[in-house]
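K.L.:
Dropping the sequence and predicted coords here.
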Amino acid sequence: MADERTGRFAFFVAAGILASRIAGLVRQSFFAHYFGASGAGDAFQAAFRIPNLLQNLFGEGVLSASFIPEYANLDARGQRDDARQVAGAVFAALVLLTSAIVLLGVTFAPALVHVLAGGFTDDAAKTQLTTLLVQILFPGAALLVFSAWCLGVLNSHRRFLLSYSAPIAWNLVMIGALVLFGAHHTPAELAVWLAWASVIGSGAQFAVQLPTVIRVAGRIRPNLQFRRPATMRVFRNFGPAMVSRGVVQISAFIDMALASYLPTGAVVSMAYAQTLYLLPGSLFGMSVSAAELPAMSSVVGSDSEIAQVLRERLQRGMERIAYFVVPSAAAFLALGDVMVSAFFQSGRFSHADTLWVWEILAGSTLGLLASTLGRIDVSTYYALRDTKTPLKFAVARIALTTVLGLIFAFVVPPAFGLDPRWGAAGLTASAGLAGWIEFALLRRGLTKRIGRTGLRLAYVGTLWLAALGAAAVGSLWRLVPFAHQRYVLAVLALGTFGAAYVLFTVWLRVPAAMAFASDLRRRIRV
């Protein structure tokens with residue numbers, strides 16, 4: 001029964017993420033139409049990433065590591081007043097910390113742009129626009145932190161759908177701004193309007209969750225009682241988790257800084273590719289790990305009993321994740337241009353831009369499975385109240401990503417006579433290689449803690465065989481003349497690919513496929 005509930009919760013997480021990601025794809029489609037691979041597009045994406053430091057340092061990942069395990073455990077024990085005290089203290093701490101960082105960010109925006117987007121310095125107008133956008137966007141990032149606090153409370157109460165679909169509100173405001181101002185302003189002017197819309201949308205994302213938070217958790221009052229034992233435990237785990245997320249953010253900043261030295265359009269093209277390659281990780285990795293974290297954190301018993309439960313849950317979660325992520329990687333490789341064309345190719349976004357984004361997308365597939373499986377591994381560490389071990393491995397990954405990124409982006413392309421634009425694909429490929437190293441370290445650490453788990457090579461090989469076979473079947477539509485219209489080709493090729501993958505894996509009797517088919521039949525009957 002517990003596994004069935006967790007599966008249902010994972011479905012709600014996936015449904016919420018899917019809805020918000022679809023809204024995000026629509027937003028990026030409009031963005032691509034009006035900005036293409038332009039300098040203004042580069043400026044907006046770079047500016048958006050810099051204040052995003054706030055959301056990454058104090059957002060969902062950190063709260064999942066520190067706040068949710070403690071809050072969920074208190075609530076499971078019936079200590080609801082203590083749980084509310086902890087939630088109020090965490091909210092107050094977030095207000096104080098984010099307010100200080102927003103003030104510093106707005107004040108030192110020119111220096112931040114100079115350091116983190118140094119490749120823009122040869123273009124004074126681009127640098128000036130990026131700086132202005134950073135100053136506008138910083139307060140919106142703080143509001144997204146408060147939205148992540150709501151997500152932490154809601155997830156602890158197993159209210160997953162609202163928390164993961166709330167970003168739809170932010171996306172709708174952004175889409176509205178693009179539609180309203182896009183046709184009548186230059187890309188640079190539109191970028192400013194869009195930045196203000198992002199701030200408004202961030203407030204909307206927070207506001208839509210707050211009433212449900214109050215309903216399920218009661219009236220939570222912000223407080224400064226930071227020395228209560230439960231609150232102290234949150235803050236003790238908060239520090240390493242925040243540093244860990246900061247390390248991840250450093251990786252994103254390094255990628256952006258390196259991309260800023262590549263040809264114009266590299267920064268925004270990587271953002272377009274990221275919209276797609278983050279989708280399977282969010283849908284399948286996050287849905288499973290987010291649903292498992294409160295359940296894992298609530299396990300009680302002896303050390304051996306807890307280890308056994310965690311081992312079983314981790315194994316099943318990894319198998320479910322791999323079943324969906326492997327075909328995603330195959331689709332990006334074989335049909336990535338079809339996806340990019342369908343979602344982005346219009347207005348200022350050309351066919352040449354489609355091919356560039358496909359190259360970047362293909363590079364990301366190298367580490368897609370490792371990074372997605374790593375999510376549930378990290379959740380298991382968090383359930384064990386260990387935030388320091390993932391931090392150490394994240395630091396190692398960042399160091400390796402930096403070295404490999406420099407080589408793959410700036411040494412390999414000229415050595416093989418490739419266009420410098422291939423450097424962007426080199427950045428995503430190097431991150432994938434480093435991701436596999438981090439995943440291996442996470443696996444080894446968990447094996448020592450709870451016993452051996454992991455995917456059998458035969459299982460993964462079977463999934464890849466089915467996925468590549470399905471990709472070959474879906475690609476046959478490229479040979480059909482009437483299917484060359486980009487939307488028609490996307491529906492036919494991707495639809496055929498998905499159906500063929502399910503059929504192949506059921507025919508091969510892959511356990512995850514059989515469970516998926518059984519669950520689908522049950523839902524249809526209901």
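P.N.:
Happy to help now that I have it. Numbering: from 1, shown residues only.
K.L.:
Would you mind checking which helix or strand in the chain has the lowest mean pLDDT?
P.N.:
When the helices and strands of the chain are scored by mean pLDDT, DSSP states H and E, helix 287-297 comes last with a mean of 65.
K.L.:
Check which element follows that one along the chain.
P.N.:
Using DSSP states H and E, the helix or strand that follows helix 287-297 towards the C-terminus is helix 303-344.
K.L.:
which element is residue 100 on?
P.N.:
Taking DSSP H and E as the criterion, the element that holds residue 100 is helix 80-107.
K.L.:
Give me the helices and strands touching that helix, please.
P.N.:
Other elements packing on helix 80-107 under the criterion 3 or more C-beta pairs under 8 Å, 6 or more residues apart in numbering; DSSP states H and E are helix 52-58, helix 60-76, helix 124-156, helix 187-217, helix 229-259. Backbone N, C-alpha and C define where each C-beta goes, glycine included.
K.L.:
in the longest one, what counts as buried?
P.N.:
Which is helix 124-156. Residues 126-127, 129-156 are the ones in helix 124-156 that count as buried (16 or more other C-beta atoms under 10 Å).
K.L.:
Now do it, average pLDDT.
P.N.:
Across helix 124-156, pLDDT averages out at 87.
K.L.:
tell me what the helix or strand harbouring residue 399 is packed against?
P.N.:
When secondary structure is defined by DSSP H and E, residue 399 falls within helix 388-406. Taking 3+ C-beta pairs under 8 Å, 6+ apart as the contact definition, the neighbouring helices and strands of helix 388-406 are helix 229-259, helix 368-383, helix 422-450.
K.L.:
Using CSV, write out every CA atom in that helix.
P.N.:
Extracted as CSV, the C-alpha positions of helix 388-406 are listed here (Å, rounded to 0.1, in the frame of the first residue of the first chain):
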residue,chain,number,x,y,z
LYS,A,388,27.9,16.7,3.5
THR,A,389,28.6,13.7,1.3
PRO,A,390,26.7,14.9,-1.8
LEU,A,391,28.5,18.2,-1.3
LYS,A,392,32.0,16.6,-1.5
PHE,A,393,31.0,14.8,-4.7
ALA,A,394,29.5,17.9,-6.2
VAL,A,395,32.7,19.8,-5.7
ALA,A,396,34.6,17.0,-7.5
ARG,A,397,32.2,17.2,-10.4
ILE,A,398,32.5,20.9,-10.7
ALA,A,399,36.3,20.8,-10.8
LEU,A,400,36.1,18.1,-13.5
THR,A,401,33.4,19.9,-15.5
THR,A,402,35.5,23.1,-15.6
VAL,A,403,38.6,21.4,-16.9
LEU,A,404,36.7,19.3,-19.4
GLY,A,405,34.6,22.3,-20.5
LEU,A,406,37.7,24.3,-21.4
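K.L.:
which residues are contacting the helix or strand just after that helix?
P.N.:
Once helix 388-406 ends, the next helix or strand along the chain (criterion: DSSP H and E) is helix 412-415. Around helix 412-415, the neighbours that count as contacts under C-beta atoms under 8 Å, 6 or more residues apart in numbering are 418, 419, 420, 422, 423, 426.
K.L.:
Report the backbone C-alpha coordinates of helix 412-415 in PDB.
P.N.:
Output of helix 412-415 as PDB, limited to C-alpha atoms (Å, rounded to 0.1, in the frame of the first residue of the first chain):
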ATOM      1  CA  VAL A 412      38.700  20.200 -29.500                       C
ATOM      2  CA  PRO A 413      36.700  22.200 -32.100                       C
ATOM      3  CA  PRO A 414      39.700  24.000 -33.700                       C
ATOM      4  CA  ALA A 415      41.800  20.800 -33.400                       C
END
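K.L.:
Show me what counts as buried in it.
P.N.:
By 16+ other C-beta under 10 Å, the buried positions in helix 412-415 come out as 412, 413.
K.L.:
now stretch 195-204
P.N.:
For stretch 195-204, a neighbour-count test (16+ other C-beta under 10 Å) marks 195, 197, 198, 199, 200, 201, 202, 203, 204 as buried.
K.L.:
Same question for stretch 395-411.
P.N.:
In stretch 395-411, counting by 16+ other C-beta under 10 Å, buried: 397, 398, 400, 401, 402, 404, 405, 406, 408, 409, 410.
K.L.:
which residues touch that stretch?
P.N.:
Contact with stretch 395-411 is made by 247-248, 250-251, 254-255, 258-259, 261-262, 423-424, 426-427, 429-431, 433-435, 437-438, 441, as judged by C-beta under 8 Å, 6+ apart.
K.L.:
pLDDT on that stretch, on average?
P.N.:
Here the average pLDDT along stretch 395-411 is 90.
K.L.:
Centre of the chain to that stretch, how far?
P.N.:
In terms of C-alpha atoms, centre = their mean, to the nearest Å, the centre of stretch 395-411 is set 21 Å apart from its chain centre.
K.L.:
and the nearest residue to residue 506 once chain neighbours are set aside, what does it touch?
P.N.:
The shortest distance from residue 506 to any residue that is not its chain neighbour, by C-beta to C-beta, 6 or more residues apart in numbering, is 4.9 Å, and that residue is residue 513. Residues near residue 513 by C-beta under 8 Å, 6+ apart: 323, 502, 505, 506.
K.L.:
Isn't the last one up against residue 514?
P.N.:
Put plainly, it is residue 506. Yes: applying C-beta atoms under 8 Å as the test, residue 506 and residue 514 come out as touching, 6.7 Å apart.
K.L.:
which stretches of the protein have low pLDDT?
P.N.:
1-14, 54-65, 76, 239-249, 285-295, 297-301, 516-517, 519-526 (pLDDT under 70).
K.L.:
Domains in it, by residue range?
P.N.:
2-455, 456-526 (automatic domain parsing).
K.L.:
Buried deepest among those, which one?
P.N.:
Taking mean count of other C-beta atoms under 10 Å as the contact definition, the stretch among those with the greatest mean neighbour count is domain 2-455, which reaches a mean of 20.
K.L.:
Tell me the gap between that domain and the middle of its chain.
P.N.:
The chain centroid and the centroid of domain 2-455 are separated by 4 Å under C-alpha atoms, centre = their mean.
K.L.:
can you pull the contacts of the nearest residue in space to residue 132 that is not next to it in sequence?
P.N.:
Here the nearest residue to residue 132 in space, its sequence neighbours aside, is residue 192; by C-beta to C-beta, 6+ apart that works out to 6.7 Å. With contacts taken as C-beta under 8 Å, 6+ apart, residue 192 has the following neighbours: 129, 132, 133, 136.
K.L.:
Between which two of those is the distance greatest?
P.N.:
Distance extremes for those: the farthest pair is 129 and 136 at 10.8 Å, using C-beta to C-beta.
K.L.:
picking that back up, please work out the angle formed by the directions of the helix holding residue 399 and helix 422-450.
P.N.:
Counting by axes from the mean of the first three to the mean of the last three C-alpha atoms, to 10 degrees, helix 388-406 points 160 degrees away from the direction of helix 422-450.
K.L.:
pretty sure residue 426 is touching residue 363, no?
P.N.:
Yes: using C-beta under 8 Å, residue 426 is in contact with residue 363, at 6.7 Å.
K.L.:
Are there residues contacting both of the two? Which ones?
P.N.:
The overlap between the contact sets of residue 426 and residue 363 (C-beta under 8 Å, 6+ apart) is empty.
K.L.:
Relative to residue 139, how far out is the nearest residue to residue 378 once chain neighbours are set aside?
P.N.:
With C-beta to C-beta, 6+ apart as the criterion, residue 378 has its nearest non-adjacent residue at 4.9 Å, and that residue is residue 390. Counting by C-beta to C-beta, to the nearest Å, the gap from residue 390 to residue 139 is 30 Å.
K.L.:
circling back to that earlier point, compile the helices and strands packed on helix 388-406 into a markdown table and extend it with columns for distance to residue 23.
P.N.:
Written out in a markdown table, the entries for the helices and strands packed on helix 388-406 read as follows (distance: least, C-beta to C-beta, whole Å):
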| stretch | distance to residue 23 |
| --- | --- |
| helix 229-259 | 22 |
| helix 368-383 | 21 |
| helix 422-450 | 24 |
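K.L.:
Appreciated, that's everything.
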